[in-house]
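>>> dropping the sequence and predicted coords here.
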Amino acid sequence: MERRCVLNSWSKEEVTAVIHYEWARGVSGTEIHNRLVEVYGPGVMSKQMVRRWCRTFSDVHQQVEDIPRSGWTRTATTDANIGKVDDMIRANRRITVDEVAEELRISHERAQNIIHDILRYRKASARWVPRQLTSTHQEQRMAVSLEHLYVSISVLRNNIVQKAST
């Protein structure tokens, strides 16, 4: 009896190396894909990508890593720019996304991504404020929530007692 297990974690380079090995043995792209799915699970790589890697290997490409592609490198969302944006917002809470983008010479979309998604600021009354609550605010929210819970429980208890007595 043959024992099979599905590997839950794998890297792209590992899967590509397996494709390269199987391709060198003369196995077809479809069969390589079937074997990959059998070992790594259904989300490993599409049949088209396996065939593309086989075609790449047959074109004398012997590396298992992707070769660098043309196009823009990611230079806008750097730690330096994130720090600069944070400093700009702390200095002027009314600064706009366009002003940040213009100052740092990055796109509006990247500036907005840094402000909203990375630094987690939001606009409130035309000012940038952090999204997280302070510990004092968290304690106040918890106290109010507990108070509402106790009131709701006592109202329910009184209703149940009144219905039971009638």
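Nice, I can see it. This is a predicted model, so every value here is computed, not measured.

>>> residue nearest the centroid of the protein?
For the chain, residue 117 is the residue whose C-alpha lies nearest the centre (Cα atoms, centre = their mean; 10.4 Å).

>>> state the three-state secondary structure for that residue.
The three-state assignment at residue 117 reads helix, by DSSP: H, G, I helix; E, B strand; the rest coil.

>>> check what pLDDT it gets.
pLDDT, residue 117: 87.

>>> check which helix or strand residue 109 maps to.
helix 108-113 (DSSP states H and E).

>>> by contact count, what packs against that helix?
helix 97-104 (3 or more Cβ pairs under 8 Å, 6 or more residues apart in numbering; DSSP states H and E). In short, each C-beta sits where N, CA and C put it, glycine included.

>>> so what strands line up beside the helix or strand of the chain with the lowest mean pLDDT?
When the helices and strands of the chain are scored by mean pLDDT, DSSP states H and E, strand 127-130 comes last with a mean of 78. Paired neighbours of strand 127-130 in the sheet (DSSP bridges): strand 121-124 (antiparallel).

>>> buried ones in the partner strand, by neighbour count?
residue 121 (16 or more other Cβ atoms under 10 Å).

>>> could we number from 124 for the rest of this?
OK, 124 is where the count begins now, so the last one is strand 244-247.

>>> thanks a lot, see you next time.
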